[in-house]
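1. What would the 3D arrangement of this be:
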Amino acid sequence: MTAFSPWSPLRWILPKISVENWTLVGGASFEDRCTAIATSLPAVARIAASFFLRIDDPPSRFSREIATLTERNLEIVKTLLPAVNVHRESLRAEPSKWVPIAAQIAAQSGSIVIDISTLPKRVWLFLIKRFLDSPTVTDLVVCYTRPQLYPEGPLTQDALPVESIPGHGRIIAAPTPTLVVGIGYVAFNVNELVEQSGNSKLKFIFPFPPGSPAFRRNWKLVDQLMPDARIPLEIRRIHAMDMFAALSWLRTVGSECSGMLDMVALGPKPHALAMGLAYRGMRGKAQVLYSQPLIYRPDYSKGIGVNSDGSAASFGYCLRRGGTDLF
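-> Below you'll find the model as predicted:
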């Protein structure tokens, strides 16, 4: 790992990387924040090509409203960016569906900005792994934009059983792995996994400082996962946006358990990104797990988060520069 952590507000870090042309990968989503990257990026970087991935959830009572909101956001994106390529795929698509699109993106310029704000974890973690494995990708920046807020109440439904993220499964058997759970708002189906972890092999990444009401909802999840307060566990508090701090801690945990690590990506996406990067160094002994919801509420998130100066709260994480990995 480098001696510094190359992340900051996107508008600051991207001009510092002397790349002439970027290829942008974003999510075509019903969430407002999917448009933030199209609004802010052209002011600080030249976009040579852009790909927006439209991921369709299974049919539900929300499908019509979600489709309307997604079309609206796509029209906004198309007015702000030249030559937007839209690739549409099912949420439950096999990883093989994403291999050719990853290769097509990597062939554009070799310098990629991928906005993970509204893409499903099973999609963007797989794509980032493919980009990092590609010798033609010389520059890679990951972007994440905070929403204005997450409404109260259940935001998703019909979560699948816990399984490994495509491309992030265990290859070498690990009979008693250490379990690290990223704390978010919802337990999904991980309770049984936590119960099976054992008293001395359970650790939580807690986003801190989370602010209110996130603080209350995070602790509610901890209470759901750990109803028996007598069970010892480690809670590591790491800023929700500090991916590099989360990665450093996960690597320490991984070295302590010889790489035999289960990482559950329930928390903030920067923490999930850290799990994907930590996995790369654990030689097949680790895995990144998730319980994928199949239905999202149309108001899953509201608005676009803003900084004190009114700009979009978009953060950039430089993973590769000039062919050199910075993590």
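
2. for the chain, what helix or strand is lowest in average pLDDT?
-> When the helices and strands of the chain are scored by mean pLDDT, DSSP states H and E, helix 214-225 comes last with a mean of 59.

3. quick one: contacts for A274?
-> When contacts are counted by C-beta atoms under 8 Å, 6 or more residues apart in numbering, A274 touches M243, F244, A246, L247, L250. C-betas here are computed from N, CA, C, even on glycine.

4. Among those, which are located in helices?
-> M243, F244, A246, L247, L250 (DSSP state H).

5. Which one of these is nearest to Q108?
-> Among the ones in helices among the contacts of A274, M243 lies closest to Q108 (C-beta to C-beta), at 24.7 Å.

6. T176 versus the closest one, what's the distance?
-> 28 Å (C-beta to C-beta, to the nearest Å).

7. neighbour count winner among those two?
-> M243 (28 against 12; other C-beta atoms under 10 Å).

8. need the contact list for that one.
-> Contacts of M243 by C-beta under 8 Å, 6+ apart are W7, V142, P270, H271, L273, A274, Y317.

9. Not counting sequence-adjacent ones, nearest residue to it?
-> P270 (4.0 Å; C-beta to C-beta, 6 or more residues apart in numbering).

10. Now the one you found: which helix or strand?
-> P270 is part of helix 269-280 when elements are defined by DSSP states H and E.

11. packing partners for the helix or strand following that helix?
-> Using DSSP H and E, the helix or strand that follows helix 269-280 in sequence is strand 287-290. Packing partners of strand 287-290 (3 or more C-beta pairs under 8 Å, 6 or more residues apart in numbering; DSSP states H and E): helix 121-133, strand 163-164, strand 261-264, helix 269-280.

12. go with 10 Å
-> Applying 3 or more C-beta pairs under 10 Å, 6 or more residues apart in numbering; DSSP states H and E, one finds that strand 287-290 contacts helix 121-133, strand 163-164, strand 178-182, strand 261-264, helix 269-280.

13. what's the longest strand in the chain?
-> strand 47-56 (DSSP state E).

14. For it, which strands pair with it and how are they oriented?
-> strand 22-27 (parallel), strand 84-90 (parallel) (DSSP bridges).

15. Of those, which stretch is the most buried?
-> Most buried of these, by mean neighbour count (mean count of other C-beta atoms under 10 Å): strand 22-27, with a mean of 26.

16. quick one, that strand and helix 121-133 angle?
-> Relative orientation of strand 22-27 and helix 121-133, computed by axes from the mean of the first three to the mean of the last three C-alpha atoms, to 10 degrees: 160 degrees.

17. got the CA coordinates for strand 22-27 in PDB?
-> C-alpha atoms of strand 22-27 as PDB (Å, rounded to 0.1, in the frame of the first residue of the first chain):
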ATOM      1  CA  TRP A  22     -11.400   9.600 -19.600                       C
ATOM      2  CA  THR A  23     -14.000   6.900 -20.100                       C
ATOM      3  CA  LEU A  24     -16.900   7.300 -17.700                       C
ATOM      4  CA  VAL A  25     -18.900   4.300 -16.300                       C
ATOM      5  CA  GLY A  26     -22.100   5.200 -14.400                       C
ATOM      6  CA  GLY A  27     -25.400   3.800 -13.300                       C
END
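
18. from the chain's centre, how far out does that strand sit?
-> 15 Å (C-alpha atoms, centre = their mean, to the nearest Å).

19. same question, stretch 234-254
-> For stretch 234-254, the distance to the chain centre is 15 Å (C-alpha atoms, centre = their mean).

20. What residues sit buried inside it?
-> 236, 238, 240-251, 253-254 (16 or more other C-beta atoms under 10 Å).

21. can you tell me how far L53 sits from E152?
-> L53 is 29 Å from E152, where distance means C-beta to C-beta.

22. Looking at those two, which is more packed in?
-> More crowded of L53 and E152, by other C-beta under 10 Å: L53, with 25 against 9.
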